[in-house]
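>>> 3D, please:
(one chain, ligands or ions: 1)
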Amino acid sequence: MTATATSFEFYPPKTDEQRKQLDRTAARLKSAVPDYVSVTFGAGGSTLSHTPETIERLQRHHALEAAPHISCMGGSREEIRAQLQRYISMGATRLVTLRGDLPSGMASPGDLRYASELVEFIRDETGDHFRIEVAAYPEMHPQARDAHADLKHFIGKAKAGADGAITQYFYNADAYFRFVDDVRAAGVDIPIVPGIMPIANFSQLRRFSEMCGAEIPRWVTQRMLAYGDDVASVRAFGTDVVAQLCQRLIDGGAPGMHFYTLNLARPTLAVLARLA
Ligand code: FAD
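Below is the predicted model of the structure:
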């Protein structure tokens, strides 16, 4: 098991069955002694979100430091202010701060347009109360005009007051190292923690990767397709690929690893068990 700082991301369960699963997963992942865990929000649904109750559950039942993801999509300044106060009263001291995406059918993007504006707003409202993490895209955000514009916008988030960043997942370490070099060359030195997606269900991963603009290398896809329904081989190969990626990132100086767990413990623990 590695000594590198780790954090684990969960999505908020909505049913009792999902809550039980999260409890089992959180209990198992706690053995890996994470720095903190984080809880996502559903696209655009800040007020309907199950995020706060999940934060409370992880704090209370599992004694984990839990960071809510917060979005400005669809929310007014007043609503975001209320959310910040709620998280402060719950004892949260860290936020993963995102623009989010507008769900289809929702007309208004809200008072703030970009994550950089949300970071500024949080700083204005709450000073240094929160440690603020923002998103980074080593393979470019899918809606960005081009890679240079996206890098410039990332730097804008850091300058607006972010303390650190977590990347979208990727399977190409060079994309991460190049992104970090470019950010450093622009004079920004906040830690950029790679987001790691263990491979649990390959067809689901392929669909998801197309939506969020993450590239799965051809050689990985071809091997996975050849394994077909051979679940044991898919798991073993997936663990191999992701553990090698993590080891390269650690050896190359990555300041930590943020695992997209999808509320499953096994794929993440299998990778961690392989790291030096
Ligand atoms: P921004 O940083 O605002 O960027 C969005 C786009 O706008 C980019 O293309 C950027 O280049 C462009 N842009 C930024 N500033 C400007 C400007 N001034 N002018 C013109 N263009 C600009 N989604 C969820 O629904 N729930 C979650 O909990 C969640 N958690 C995430 C956690 C992490 C670590 C990551 C990497 C992503 C997460 N996402 C989540 C996905 C995220 O909401 C989407 O990728 C969203 O489309 C962008 O959010 P952002 O904060 O990166 O946006």
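
>>> C246 versus the spatially closest residue to A5 that is not a sequence neighbour, what's the distance?
Among residues not flanking A5 along the chain, G256 sits closest, at 3.6 Å (CB to CB, 6 or more residues apart in numbering). The way it works is simple: take the backbone N, C-alpha and C, and place the C-beta from them, glycine included. Look at G256 and C246: by CB to CB, to the nearest Å, they are 11 Å apart.

>>> More neighbours: which of these two?
Of the pair G256 and C246, C246 is the one with more neighbours under other CB atoms under 10 Å, namely 24 against 19.

>>> So that one belongs to a strand, correct?
No. C246 is assigned helix when assessed by DSSP: H, G, I helix; E, B strand; the rest coil, not a strand.

>>> measure it to A63 for me?
26 Å.

>>> Likewise for Y87?
Relative to A63, and taking CB to CB, Y87 is found at 18 Å.

>>> Sketch out the low-pLDDT regions of the stretch 101-250 of the chain for me.
For the stretch 101-250 of the chain, applying pLDDT under 70 flags the ranges 105.

>>> Quickly check: whichever helix or strand A82 is part of near the ligand or not.
Using DSSP states H and E, A82 falls within helix 77-89. No. Residues of helix 77-89 contacting the ligand under CB under 6 Å from any ligand atom: none, with a closest distance of 13.2 Å.

>>> Show me what counts as buried in that helix.
80, 83-84, 87 (16 or more other CB atoms under 10 Å).

>>> what does stretch 190-206 give?
190, 192-200, 202, 205.

>>> can you list those in TSV and add distance to T2 and secondary structure?
Putting these into TSV (distance: CB to CB, whole Å; DSSP: H, G, I helix; E, B strand; the rest coil) gives the following:
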residue	distance to T2	secondary structure
I190	22	coil
I192	18	strand
V193	13	strand
P194	13	strand
G195	16	strand
I196	12	strand
M197	17	coil
P198	14	coil
I199	18	coil
A200	20	coil
F202	25	helix
L205	23	helix
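
>>> what does the stretch 51-200 of the chain have sitting close to the ligand?
69, 96, 98-101, 114-116, 135, 141, 143-144, 149-150, 153, 157, 166, 168, 195.

>>> Sort out for me which of those are in helices.
Within those, residues falling in helices by DSSP state H are 115-116, 149-150, 153, 157.

>>> Report the secondary structure state of D229.
D229 is classified as coil under three-state DSSP.

>>> What of L112?
Here L112 is recorded as coil under three-state DSSP.

>>> contacting residues around it?
Each residue near L112 by CB atoms under 8 Å, 6 or more residues apart in numbering is listed here: 72, 75, 77, 80, 99, 118, 121.

>>> again, only this time at 6 Å
Neighbouring residues of L112 by CB atoms under 6 Å, 6 or more residues apart in numbering: 72, 118.

>>> Would you mind measuring from it to A27?
With CB to CB as the criterion, L112 and A27 are 37 Å apart.

>>> Residues contacting stretch 269-276, please?
1-2, 32, 198, 239, 242-243, 246-247.
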